[in-house]
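Peer 1: what's the 3D shape of this:
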Amino acid sequence: MNMRHLATYTFSILLFAASTVPAQDSVSYDQKIDVVYGEVHGTGLLMDVFTPKGKSNGLAIIDVVSGAFFSDRGKIREHTMGRIYQIFCARGYTVFALRPGLRLPRFDGQRIGEDRV
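Peer 2: A predicted model of the protein is given here:
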C-alpha cells in the first residue's frame, strides 16, 4: 500500500469514526502532557497520552503529531479541535500523540538518519 492510499484509508476511517460518535459536552479522556518517550543527543522526545475515562478496549493508536518537519503543541491543539482524541477515547482506545522533535536544528531534514550510518 503506497502513502497516498494509506492517507486516503486513514482519512476514511476518521470520517467514519467522526460520523458515528454523538456530540458530547464532556471530554471522554484524561490527558498526560509532555511524557518523555525517548532521548536523542540528550534531548527528550515528548508525547501526550490520552486515556479513555470510560472502559478501555485494551488497544492503542499512535498519532505522530508532526508535519513539514515541524512538531509542536499547536499540532496537538489542531487534533484536539478536530475531536480526534475525543472520538478514539470514546471508543476505548488509548492514544499516544508523539512529537518527534524535528524542529530542533540538530534534527533538520538533511541530517535525519546520519547517526544510523
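
Peer 1: Tell me who's in contact with the nearest residue to residue 59 once chain neighbours are set aside.
Peer 2: Once flanking residues are discounted, residue 59 sits nearest to residue 93: 5.5 Å by C-beta to C-beta, 6 or more residues apart in numbering. Heads up, the C-betas are built off the backbone N, CA and C, glycines and all. Listed by C-beta atoms under 8 Å, 6 or more residues apart in numbering, the contact partners of residue 93 are 52, 56, 57, 59, 60, 61.

Peer 1: can you rerun that using 10 Å?
Peer 2: When the contact criterion is C-beta atoms under 10 Å, 6 or more residues apart in numbering, the partners of residue 93 are 17, 29, 50-52, 56-61, 85, 87.

Peer 1: per-residue pLDDT, residue 107?
Peer 2: Confidence per residue is given as pLDDT, and for residue 107 that number is 53.

Peer 1: I meant residue 86, not that one.
Peer 2: Model confidence at residue 86, expressed as pLDDT, equals 96.
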